[in-house]
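**Q** what follows is a predicted protein model with its sequence.
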Amino acid sequence: MIQGSIPIIIAVFSIIFLGERVNIYRTLGIILAIAGVAGLVFLGGEVQGGSRPVLGNLLMLVSSLAWGAYTVLNKRFNLNISPVMATLATFFFGLLFLLPFTIMEMRGFNYALSWLTVANVLYLGVAAMALPIFLWNYALLYYDASEAGLFINLVPVFSVICAVLFLGEQVNAGQLAAGAVVILGVLVSSGFDIRHKAQESRAGGQSP
């Protein structure tokens with residue numbers, strides 16, 4: 001649920017550091033999307049707190065703040081570097097940060113890898129990390145950071161869809177309604193911005 005705060009964090013950072021304006025439609029979209037995410041979490045069954053919920057929540061909050069900072073910094077410097085270079089830089093510095101922990105984990109590591117393990121690693125590295133981050137960086141060329149951040153709340157919606165299709169999980173009416181609220185929030189925000197930009201484009205084309 002803490003991850004549902006990412007659009008708010010991005011919007012606040014965008015106002016402070018990028019000077020973006022968050023209009024009433026985008027604000028309404030953020031509220032609807034977060035309400036929908038809350039519904040997906042709490043209507044999906046028993047919520048497990050884990051053995052160390054305070055530490056877990058703190059780490060999730062730090063993760064959300066880090067993603068908000070990454071998005072705003074990316075938006076600020078995206079005009080100077082390409083999305084490909086931004087993605088490569090992300091992975092390079094991520095490698096430097098994780099390398100010490102990787103070396104620690106290598107002690108006692110089982111190097112007898114199966115094809116399934118290799119396929120899983122490739123999927124996680126390419127399809128689940130490199131491609132989404134590249135597309136995110138590319139989208140920031142055309143969207144405000146606060147607007148792009150709203151789409152993050154579609155992740156739990158697609159997670160539920162994939163769980164139904166590939167794991168055979170059951171979805172209740174409350175989850176369906178919550179997912180619809182998330183999508184509505186995204187449409188309210190992005191739909192207004194698209195119409196607004198189209199009107200500005202037409203007005204610019206008609207001016208002498």
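**A** Right, received. Where do you want to start?
**Q** is residue 40 in a helix, a strand, or coil?
**A** Following DSSP: H, G, I helix; E, B strand; the rest coil, residue 40 is assigned to helix.
**Q** wait, what's in contact with it?
**A** Contact analysis of residue 40 by Cβ atoms under 8 Å, 6 or more residues apart in numbering lists 156, 157, 160, 175, 178, 179, 182. C-betas here are computed from N, CA, C, even on glycine.
**Q** let me see the contact set for the fifth one.
**A** Applying Cβ under 8 Å, 6+ apart to residue 178 gives the contacts 35, 36, 37, 38, 39, 40, 43.
**Q** and those residues, which is closest to residue 94?
**A** Ranked by distance to residue 94 (Cβ to Cβ), the contacts of residue 178 are led by residue 37 at 25.9 Å.
**Q** let me know the helix or strand that the closest one is in.
**A** helix 24-42 (DSSP states H and E).
**Q** measure how far that helix is from the centre of its chain, please.
**A** Between the centre of helix 24-42 and the centre of its chain there are 14 Å (Cα atoms, centre = their mean, to the nearest Å).
**Q** how about it, which residues are buried there?
**A** Residues 25-26, 29-37, 39-41 are the ones in helix 24-42 that count as buried (16 or more other Cβ atoms under 10 Å).
**Q** who does the helix or strand just after that helix touch, helix- and strand-wise?
**A** For helix 24-42, the following helix or strand on the C-terminal side (DSSP H and E) is helix 53-77. Applying 3 or more Cβ pairs under 8 Å, 6 or more residues apart in numbering; DSSP states H and E, we find helix 53-77 packed against helix 6-13, helix 83-105, helix 131-139, helix 145-150.
**Q** let's see 7 Å
**A** Other helices and strands packing on helix 53-77, by 3 or more Cβ pairs under 7 Å, 6 or more residues apart in numbering; DSSP states H and E, are helix 6-13, helix 145-150.
**Q** can I get those helices in JSON lines with mean pLDDT and distance to residue 95?
**A** Shown next, in JSON lines, are the helices and strands packed on helix 53-77 (pLDDT from 0 to 100; distance: least, Cβ to Cβ, whole Å):
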{"stretch": "helix 6-13", "mean pLDDT": "87", "distance to residue 95": "24"}
{"stretch": "helix 145-150", "mean pLDDT": "85", "distance to residue 95": "25"}
